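Asker: no sequence for this one, just the structure:
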């Protein structure tokens, strides 16, 4: 069975405002997607989050976004591809600088929110993100984490043109449409309210088995990482259960 990692969005506090339960979730994940200042976080939060990831041996990933603090990076912005390339380089570069000071390194990039979604639906924006990563990775690989779909192979080929490796992620708590993409949050059934259904979907992902869409369609989606949301203390028990499921893929 293929090894699957557990990743989570981390370091999203900003100044005097605290968001998330970073110290509770960090011990249970493999990869930390650290906000880089455009949708959340600030330099000190970034530094402290890097230190926390180092303490638990968690891989550090940059989590760049559109410049949208008020909307938490979830609002679409009509940016040109060259603007996206520059803003991704700017944010990843900032986290790389902080990591250098902490004797750590950025090991992958996962865009956030609207930027994450837009690059899946806009080829030139996807290329723009890849160009930014290619310019920063040097001799070390800097993979791009993106949503897994039934079209993983086509995305791999596109990213390979820029020398960029892809890591594909799935979501335990989100429902999928028949096309293999996430169900829009506009629908009431976009998020699994049944904990057993969420754990069952996580189990299927980690075992490389098909999952089921909202309409009962069988979907074959291969993942490298499972995204978890642990932004409140009550969610930590669920994260621990997902940790046990993913741990089975290590054996």
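Answerer: Alright, I've got the coordinates. Predicted, not measured: the structure shown is a model, and the values here were computed from it.

Asker: contacts and neighbour counts: CA atoms only from here.
Answerer: Noted.

Asker: And the helices in this protein, which stretches?
Answerer: Remark: helices assigned in the chain by DSSP state H are 22-25, 43-55, 81-101, 113-121, 123-137, 152-160, 195-206, 236-247.

Asker: counting contacts, what elements does the fourth one pack onto?
Answerer: Here helix 113-121 touches helix 123-137, going by 3 or more C-alpha pairs under 8 Å, 6 or more residues apart in numbering; DSSP states H and E.

Asker: Quick check: buried residues in the helix it packs on?
Answerer: Neighbour-count burial for helix 123-137, with 16 or more other C-alpha atoms under 10 Å as criterion, is recorded at 124-134, 136-137.

Asker: can you check stretch 111-122 too?
Answerer: Here stretch 111-122 shows 111, 112, 113, 114, 115, 116, 117, 118, 119 as buried, counting by 16+ other C-alpha under 10 Å.

Asker: follow-up on the earlier one: would you reformat the buried residues of helix 123-137 as CSV and include distance to residue 105?
Answerer: Shown next, in CSV, are the buried residues of helix 123-137 (distance: C-alpha to C-alpha, whole Å):
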residue, distance to residue 105
124, 28
125, 25
126, 24
127, 24
128, 22
129, 19
130, 19
131, 20
132, 17
133, 14
134, 16
136, 12
137, 11
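
Asker: Dump these into JSON lines; add pLDDT and distance to residue 162 as well.
Answerer: JSON lines is the format used below for these (pLDDT from 0 to 100; distance: C-alpha to C-alpha, whole Å):
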{"residue": "124", "pLDDT": "96", "distance to residue 162": "13"}
{"residue": "125", "pLDDT": "97", "distance to residue 162": "13"}
{"residue": "126", "pLDDT": "98", "distance to residue 162": "11"}
{"residue": "127", "pLDDT": "98", "distance to residue 162": "8"}
{"residue": "128", "pLDDT": "98", "distance to residue 162": "10"}
{"residue": "129", "pLDDT": "98", "distance to residue 162": "10"}
{"residue": "130", "pLDDT": "98", "distance to residue 162": "6"}
{"residue": "131", "pLDDT": "98", "distance to residue 162": "7"}
{"residue": "132", "pLDDT": "98", "distance to residue 162": "10"}
{"residue": "133", "pLDDT": "98", "distance to residue 162": "9"}
{"residue": "134", "pLDDT": "97", "distance to residue 162": "6"}
{"residue": "136", "pLDDT": "95", "distance to residue 162": "12"}
{"residue": "137", "pLDDT": "90", "distance to residue 162": "11"}
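
Asker: Which one of the residues you listed is nearest to residue 59?
Answerer: Using C-alpha to C-alpha, residue 137 comes nearest to residue 59 of the buried residues of helix 123-137, at 15.6 Å.

Asker: how far away is the closest one from residue 52?
Answerer: 23 Å (C-alpha to C-alpha, to the nearest Å).

Asker: Over to residue 3?
Answerer: According to C-alpha to C-alpha, residue 3 stands 24 Å off from residue 52.

Asker: more neighbours, these two?
Answerer: residue 52 (18 against 15; other C-alpha atoms under 10 Å).

Asker: Could you pull up the residues touching that one?
Answerer: Residues in contact with residue 52 (C-alpha atoms under 8 Å, 6 or more residues apart in numbering) are 23, 26.

Asker: Kind regards, and thank you for your time.
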